[in-house]
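Asker: Take this sequence and fold it.
(one chain, ligands or ions: 2)
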Amino acid sequence: MSDIIHLLPDSVANQIAAGEVIQRPASVLKELVENSIDAGASLVQILIKDAGRTLIQVVDNGKGMSETDARMAFERHATSKIKNADDLFSLRTMGFRGEALASIAAVAQVELRTRRADDELGVLVEIAGTRVFKQEMIQCDEGTAFQVKNLFFNVPARRRFLKSDNVEKSHILTEFYRLALVNTNVAFSLFDGDEEIFQLPASNYKVRIENIFGKNAKKRWQQQLLTIETSTSLVNISGYVGKPEYAQKSAIQYFFVNGRYMRHPYFHKAVLLAYNQMIHASESPNYFIYFEVDPQTIDVNIHPTKTEIKFENEQAIWSILSASVKESLGKFNIVPSIDFDQEGSVDLPTGISVENVRPPQTNFNPNYNPFGTTAYKRPVLDWEDLYGGFEKKESAIESSPDWQPNFNSLTTGSINSSEQQKVIETIESRAENFQFKNRYILTGIKSGMLMIDQHRAHIRILYDLFMSQIENRKALSQQVLFPEVLELSADETLIFEQLLPDLYHVGFDFESLGNHSYNVKGVPDQLGTASVIDLLLNMLDKAKTTAEDLTTAMHESIALSLAEASSLKAGQRLANEEMCDLIDRLFACSNHNVTPDGKKIMSIFTHEEIEKRF
Ligand code: ADP
Ligand code: MG
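Answerer: Numbering: from 1, shown residues only. Ligands and ions are numbered 1, 2, ... in the order given. Modelled structure (predicted):
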């Protein structure tokens, strides 16, 4: 038998290797921009088309390449950045493997134009699928321009693997932020087709942060960032950390070392430790922290797409970092200002399961909302009022008709407006309910006493309403007299666009002002007094942490945010009719026991429990 092992042709080997380095358009952008930075560029202009599928163009004013180098650059393991293994430990450049261009040229159609300052003519190289199609001298600007077209044109499986345009664009932005936030002496522009996404002048860290993320009104960076600055023989740490009150669920957090973005879960803990007790456990502070260390003491020679970096003096740096963050929180007199009062659940013994409670009979009108009107002027029956005298208490209880007959069946048919009066009569002829601490509704049922958290009950009611509006695509909108402007950052715009159809379905109306800004022209009819801009930003925050395939999760998240923002709050006094209506509407809900996020809505004191106390 003959031998069967042979070497793969370059084109195949390169294509396989490319799989490691180039996974999506964002990886191309990262590699090209890193090369521009290594070439000493002070201006990098980026253009993408179709989320980078058809074009990623990076033009720089760096040192350019000679004719031979321009051709050599596409060979595998061809690099100008290191010569021997020792150089790996004194790296000052982003690149050093000499793999990126070979990989890109294996899976895309690439045009390179480049000229050094002292050369009269530049050179054009056209290469696709590792084959060189053209190499000629041309007139061109000083610096280097790469055009990478039709990524994965020869690897259909990879092409199919790409996600939606918005997802690919958000990957591109992620890479862009990581480069732009640390290379602040470089001016960047980023265009998506004709649309300008960023135009960032050369500046310093703080201005760059502001230029990238500062449009979002919620993140007023100037007032929320505290400087950190520590200089030791092991490490220099500089940058900014957010004040505790600006902590959020999806915080913006960046670590860089020697000009390179890194992830470092261990150092992340050091930062969190400094915020101990100052922020809620579910939230995290924003930070932008830049480390400078001797290149000999870190190992960046990890997988090309990975961002973890090993530090020789990890523990010492951990302590220095934590102390440094603590110091700046202390220096700026940051005292805990977060209200930790989690709206506590009513912790009451329940002898019987809430499932056993049958809903009251009602002529339920889903459109009827007494909280939105001033129709009721009846004096509110308060716990104190009712219990001012013992007799009064006795009679109040005695005169309450037992709810039980009403609990036997439930009709949820909606009624028209001519029947509204009937609803009111039904309510008025019903039980007196008691509002305790302007927060809980107490009502008698056959088996004892039912206690309902008014805020949570209303969240459940509104959540069901908003969900059905999203699903049935009809909701009432209310035009806003003085529209507020929603200003977003580029990545938020991508997520916001995904939310838009659903937002329209629940009654929002927007007018695009361009440049990631929107006029909020209409809001859901049911929306309470909540700040619309804060509400929308909160929804965006939630959507950011939702999984990629998000239709249902997105619907739920929108409905919940709206319900929370529009709901009755604890502390709001309710008239008896309002309480009756709330109870009716609650029991018409698919799940009246818990809120959509799993909090208990009601609790029962059984007769036995009550009697035992006397
Ligand atoms: P690496 O960056 O790891 O060296 P690459 O494949 O990314 O490998 O690039 C190969 C070489 O091509 C670089 O070492 C550099 O000499 C040259 N090169 C690439 N891009 C540029 C650029 N924008 N300007 C000048 N030289 C470049
Ligand atoms: Mg490179």
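
Asker: Render the CA-only coordinates of the helix or strand encompassing M137 in CSV, please.
Answerer: Assessed by DSSP states H and E, M137 sits inside strand 131-138. Extracted in CSV, the C-alpha atoms of strand 131-138 (Å, rounded to 0.1, in the frame of the first residue of the first chain):
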residue,chain,number,x,y,z
ARG,A,131,-4.8,33.5,-4.7
VAL,A,132,-3.1,36.7,-5.8
PHE,A,133,-5.0,38.2,-8.8
LYS,A,134,-3.2,41.5,-9.2
GLN,A,135,-0.1,43.3,-8.0
GLU,A,136,0.8,46.7,-9.5
MET,A,137,2.3,50.1,-8.7
ILE,A,138,-0.3,52.8,-8.3
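
Asker: Neighbouring strands - and their directions - for it?
Answerer: Strand partners for strand 131-138, identified by DSSP bridges, are recorded as strand 122-128 (antiparallel).

Asker: ok, the closest residue to ligand 2 within the stretch 1-150 of the chain - how many residues close by?
Answerer: Closest to ligand 2 within the stretch 1-150 of the chain is G95: 2.8 Å, counting by C-beta to the ion. From N, CA and C alone the C-beta is placed, and that goes for glycine too. Using other C-beta atoms under 10 Å, G95 has 20 other residues around it.

Asker: Also M554?
Answerer: M554: 21 neighbours (other C-beta under 10 Å).

Asker: thought it was touching D502?
Answerer: Yes. Between M554 and D502 there is a contact under C-beta atoms under 8 Å: 6.3 Å.

Asker: From ligand 1, how far off is the residue of the stretch 1-150 of the chain closest to ligand 2?
Answerer: 2 Å (C-beta to the nearest ligand atom, to the nearest Å).

Asker: likewise S233?
Answerer: 31 Å.

Asker: Who are the contact partners of the residue of the stretch 1-150 of the chain closest to ligand 2?
Answerer: E31, E34, N35, D38, T79, K81 (C-beta atoms under 8 Å, 6 or more residues apart in numbering).

Asker: So how do I select the buried members of these in ChimeraX?
Answerer: Buried residues within the contacts of G95, by 16 or more other C-beta atoms under 10 Å, are selected in ChimeraX with:
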select :31,34,35,38,79
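
Asker: In terms of helices and strands, where is L582?
Answerer: helix 576-587.

Asker: Any idea how far the following helix or strand past that helix is from the middle of the chain?
Answerer: Sequence order places strand 602-606 as the next helix or strand after helix 576-587, per DSSP H and E. Strand 602-606 sits 38 Å away from the centroid of its parent chain (C-alpha atoms, centre = their mean, to the nearest Å).

Asker: How about stretch 117-125?
Answerer: So, by C-alpha atoms, centre = their mean, the centroid of stretch 117-125 is 45 Å from its chain's centroid.

Asker: and if you look at stretch 436-448?
Answerer: 39 Å.

Asker: I figured S557 was touching M539, is that so?
Answerer: Yes. Using C-beta under 8 Å as the test, S557 is close enough to M539 to be in contact (6.6 Å).

Asker: For R573, the count of nearby residues, please.
Answerer: 10.

Asker: Next up, the contacts around L535.
Answerer: Contacts of L535 by C-beta under 8 Å, 6+ apart are L527, S561, L562, A565.

Asker: could you redo the last one with a cut-off of 7 Å?
Answerer: S561, A565 (C-beta atoms under 7 Å, 6 or more residues apart in numbering).

Asker: Using the three-state scheme, assign it.
Answerer: helix (DSSP: H, G, I helix; E, B strand; the rest coil).

Asker: ok, which residues in the stretch 1-150 of the chain are in contact with ligand 2?
Answerer: N35, G95, A100 (C-beta under 5 Å from the ion).

Asker: Lowest-confidence one in the residues you listed?
Answerer: In terms of pLDDT, the lowest of these is G95, showing 88.

Asker: State the distance from that one to Q498.
Answerer: The span separating G95 from Q498 equals 34 Å under the rule C-beta to C-beta, to the nearest Å.

Asker: ditto for N258
Answerer: On the measure of C-beta to C-beta, N258 and Q498 end up 36 Å apart.

Asker: Go through stretch 524-539 and flag the buried ones.
Answerer: 524-528, 530, 532-533, 535-539.

Asker: Chain neighbours aside, what residue packs nearest to L8?
Answerer: Closest residue in space to L8, ignoring its immediate chain neighbours: I16 at 7.6 Å, by C-beta to C-beta, 6 or more residues apart in numbering.

Asker: Helix, strand, or coil at that neighbour?
Answerer: helix.

Asker: residues in contact with T545?
Answerer: Taking C-beta under 7 Å, 6+ apart, one finds K249, S250 in contact with T545.

Asker: Oh, that last question was meant for L43, not what I typed.
Answerer: D60, N61, V186, A187.

Asker: now these in CSV, with pLDDT?
Answerer: Below are the contacts of L43 laid out as CSV (pLDDT from 0 to 100):
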residue, pLDDT
D60, 98
N61, 97
V186, 98
A187, 97
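
Asker: So which of these belong to strands?
Answerer: Taking DSSP state E as the definition of strands, the contacts of L43 contribute D60, A187.
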